[in-house]
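only geometry, no sequence info:
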């Protein structure tokens, strides 16, 4: 029986992500926890690869967590705008 392929490629931008140096911050907070969401977004605000992170999250349809400084709801809105432009 063939096993499904597992993507083990780590994209280079991930190695420069600010979240790697903030293990105490929850990047998958409850959507109603405004304080935790704000803490995660604050880390992303100073991240040198936030744009790459956001693009990756949208392109791979990440439905949970803070990616590139945006919540899932914010990413859905950005994705809709991207799709309208295509």
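Okay, I see it. Given the structure is predicted, the values throughout are model-derived calculations rather than measurements. Residues are numbered from 1 along each chain as shown.

buried set for the helix or strand where residue 83 lies?
Following DSSP states H and E, one finds residue 83 within helix 72-85. By 16 or more other C-beta atoms under 10 Å, the buried positions in helix 72-85 come out as 72, 75, 78. For every residue, glycine as well, the C-beta is placed using N, CA and C.

distance check, the first one against residue 65.
From residue 72 across to residue 65, the span is 7 Å (C-beta to C-beta, to the nearest Å).

where do the helices sit along this structure?
Ranges of helices in the chain, per DSSP state H, are 34-45, 50-59, 72-85.

contacts for the helix or strand bottoming out on mean pLDDT in the chain next, please.
Sorted by mean pLDDT, DSSP states H and E, the helices and strands of the chain end with helix 72-85, the least confident at a mean of 93. With contacts defined as C-beta atoms under 8 Å, 6 or more residues apart in numbering, helix 72-85 is touched by 31, 54, 57-58, 61-65, 67-68, 70.

and those, which is the shakiest by pLDDT?
Looking at the contacts of helix 72-85 by pLDDT, the weakest one is residue 31, with 90.

isn't that residue right up against residue 64?
No: Residue 31 is not in contact with residue 64 according to C-beta atoms under 8 Å; the separation is 9.2 Å.

and the most centrally placed residue in the chain, what is it in contact with?
The residue lying closest to the centre of the chain (C-alpha atoms, centre = their mean) is residue 67, at 1.7 Å. Residue 67 makes contact with 27, 53-54, 56-57, 75 under the criterion C-beta under 8 Å, 6+ apart.

go again with 6 Å.
53-54, 57 (C-beta atoms under 6 Å, 6 or more residues apart in numbering).

quick revisit: now render the helices of the chain as a markdown table, adding distance to residue 16.
Converted to a markdown table, these look like this (distance: least, C-beta to C-beta, whole Å):
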| stretch | distance to residue 16 |
| --- | --- |
| helix 34-45 | 13 |
| helix 50-59 | 9 |
| helix 72-85 | 21 |
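
nearest to residue 18, out of the ones you listed?
Checking the helices of the chain against residue 18 by C-beta to C-beta gives helix 34-45 as the closest, at 5.2 Å.
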